[in-house]
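1. output the structure for:
(chains A and B)
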Amino acid sequence: MAAGKVSFFERRDESPVRMYHVSKSYIPGQRAIDDVSMELAKGEFVFLTGQSGAGKTTLLELLFADERPDDGQILVLGRNIARLRGTGIPSLRRRVGVVFQDFKLLPRRSVEDNVRIALDVVGTPRREARSRVFNVLRQVGLQHRRQHEPLALSGGEQQRVAIARALVTEPEILLADEPTGNLDPDLSLEIIELMLSAATRGTTVLVATHDISLVEKYRRRTIRLDGGRLAEDTPAAGGIG
Amino acid sequence: MSRVFVILFTLFRSGIVGLRSAAGTALISAVTIGIALFLVGAFALTIVNMEGVQARFSQKLSVTAYLETDVDDEAALEIAERVATVEGVEQVTVVGRDEALERFRGMSGGAALLEGIEENPLPASLEITLVNLNRTPQGLGILATALDGLPGIDEVADGREWIDGYARVTSLVRVSGVAIGTILSLATLLIVANTIRLGIYARENELEILALVGASRTFVRTPFLIEGTLQGVVGGIWAALILWLAYLLLMPQLEYGLMFLLGNAVPRFFNGGEIFFLVAAGAALGFLGSLASLLGWRR
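-> Take a look at the predicted model:
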């Protein structure tokens, strides 16, 4: 390859998420996402803000192929979301971790089982899975709670289990929808720190939140949605990635 | 441990967990499959025994050709020699008039019937057995036609009517069994499908999470197929056990009646292969019930 030229694949590596003029409606004439274009770089940590109903959740759902765009193109890890068929969606989701406000944990399974479920679907051998689950639980500070059921844990601990499940597969992208929505300020900071550390390891992190204090504290790149439209794209302060 | 093996193990374990988490409904489903298979199995057992009798009778089939009353024993021997040359005949035995009389006397009530009769009224006859290949109603028909044209033969008696009648009864039992089996199987499929559907609703949260972490459709659905198949296997084993117990308990009571009905043969139970087939039929019912449930599930 000639020096100075960038191949398609190298460019794809640089931008794991690319959206071009994307629109999505649930009700005719009322756009949940309206002509949004943006790119996220590898290892970048980005806040997605906006009031309730601004389209944050819809945008995340489009990125993990839970919804399809009506117009525009979405490329996630080089795959066109609008054209994903059959096994395409599961194989994409194995590379994208997702965290929700309501945790989405299995209440009657242990913490260890809840995290391992992401490895079970790809057939990770038991011994390797056990070791990876232990390591990721140690990262989120819950290795001593691995045999407990989620209901025996606090809200912050449950969210950390959900993050551990999202991170155990070492995803290239981590999407989080209001991950601190149910947590007090101290726990919220813990959760954001965990996701920041994932970004430093190369994972692209997009966190939807309406908690302005978090956005102001970390001063990372912030994309603000308003009525489904991209209202503001503020870069990280002081060259932070 | 290869990834495929790990996935298979995970799916099987997930199926077992599903069964345990809805043990009550799974048990009802298995018992329903068991009842359906018990009834179908009872019909099948009746049919295999009746077919066995039919086959045994066919093997023992012989034809009796009654000679005209003016044919003496010497002439009877000549006719027998001619009959022996007919294609398909294995052996011809001459029963002379005197021997026929003796046999008749030996029969219950025979002597009383012969009282007052001075002259022997019975004709000589030929007892003809066929080679194995021809021991069928068709073979008997061919022989009877060939004998009809021979001089000295008055009447030919064969077991065709009895065999045909027995075959009709067997066929009726078989058709009834298939009809009842089909209706029961469809009803059972519906019950299994609904049981599995309940399981799907109960585990929707888990299925949503599996989909979020990248589980394929096959990965999400296979445990339910395993669950249904296991219910069917349990139902099949249960049906085979109850049939066997019923056979053991009822046989001493019904033995003589059945022996008469089945032509002096002791009714048999299913062999290993047939029991395996019964259990496999249960597994198939469970699998198809689950499949029907999953086909209607679009999420």
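2. switch to C-alpha atoms for all contacts and neighbour counts from now on
-> OK.
3. what mean pLDDT would you report for stretch B:244-255?
-> Averaged over stretch B:244-255, pLDDT sits at 85.
4. then stretch A:91-99?
-> For stretch A:91-99, the per-residue pLDDT averages 95.
5. report the buried residues of it.
-> A:92-99 (16 or more other C-alpha atoms under 10 Å in any protein chain shown).
6. these: which ones sit near chain B?
-> When these are checked against chain B using C-alpha under 8 Å from any C-alpha of the partner chain, the ones in range are A:92-94, A:97-98.
7. could you look up the SS state of whatever residue of the stretch 101-250 of chain B ends up closest to chain A?
-> Nearest residue of the stretch 101-250 of chain B to chain A: B:G214, at 4.0 Å (C-alpha to the nearest C-alpha). Recorded secondary structure, B:G214: coil (DSSP: H, G, I helix; E, B strand; the rest coil).
8. who touches it in this structure?
-> A:89-94, A:118, A:121 (C-alpha atoms under 8 Å, 6 or more residues apart in numbering or on different chains).
9. all strands of chain B, in order?
-> Read by DSSP state E, chain B holds these strands, from start to end of the chain: B:62-67, B:89-95, B:125-130, B:153-157.
10. got those strands as CSV, with mean pLDDT and distance to A:R165 columns?
-> Formatted as CSV, the strands of chain B follow (pLDDT from 0 to 100; distance: least, C-alpha to C-alpha, whole Å):
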stretch, mean pLDDT, distance to A:R165
strand B:62-67, 85, 80
strand B:89-95, 88, 82
strand B:125-130, 87, 79
strand B:153-157, 84, 85
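11. which one of those lies nearest to B:T136?
-> strand B:125-130 (9.2 Å; C-alpha to C-alpha).
12. picking that back up, and the buried residues of stretch A:91-99 as a markdown table, adding secondary structure?
-> Formatted as a markdown table, the buried residues of stretch A:91-99 follow (three-state DSSP):
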| residue | secondary structure |
| --- | --- |
| A:L92 | helix |
| A:R93 | helix |
| A:R94 | coil |
| A:R95 | coil |
| A:V96 | strand |
| A:G97 | strand |
| A:V98 | strand |
| A:V99 | strand |
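13. list just the nearest of those to A:E61.
-> Nearest to A:E61 among those, with distances taken as C-alpha to C-alpha, is A:V98, at 9.7 Å.
14. so what's residue 111 closest to, chain neighbours aside?
-> Reading this off chain A. A:R146 (4.8 Å; C-alpha to C-alpha, 6 or more residues apart in numbering or on different chains).
15. hm, I was asking about chain B
-> Nearest to B:A111 is B:R105, by C-alpha to C-alpha, 6+ apart, at 4.6 Å.
16. got the phi and psi for the residue of the stretch 101-250 of chain B closest to chain A?
-> B:G214 adopts backbone torsions of phi 100, psi 20, taken as degrees, to the nearest 10.
17. pLDDT value on residue 85, please?
-> No chain was given, so I picked chain A. Looking at A:R85, the pLDDT reads 82.
18. please refer instead to chain B.
-> 86.
19. again, but for A:M1
-> Looking at A:M1, its pLDDT reads 38.
20. could you do the one 3 residues further on as well?
-> Per-residue confidence for A:G4 comes out at a pLDDT of 43.
21. can you tell me the helix or strand for A:D34?
-> strand A:30-40 (DSSP states H and E).
22. before we move on, back to that, how about the ones next to chain B among the buried residues of stretch A:91-99, which pair is most distant?
-> Across those (C-alpha to C-alpha), the longest gap, 11.8 Å, separates A:L92 and A:V98.
23. adding distance to B:I209, write the ones next to chain B among the buried residues of stretch A:91-99 out as TSV.
-> Below are these laid out as TSV (distance: C-alpha to C-alpha, whole Å):
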residue	distance to B:I209
A:L92	15
A:R93	11
A:R94	12
A:G97	12
A:V98	10
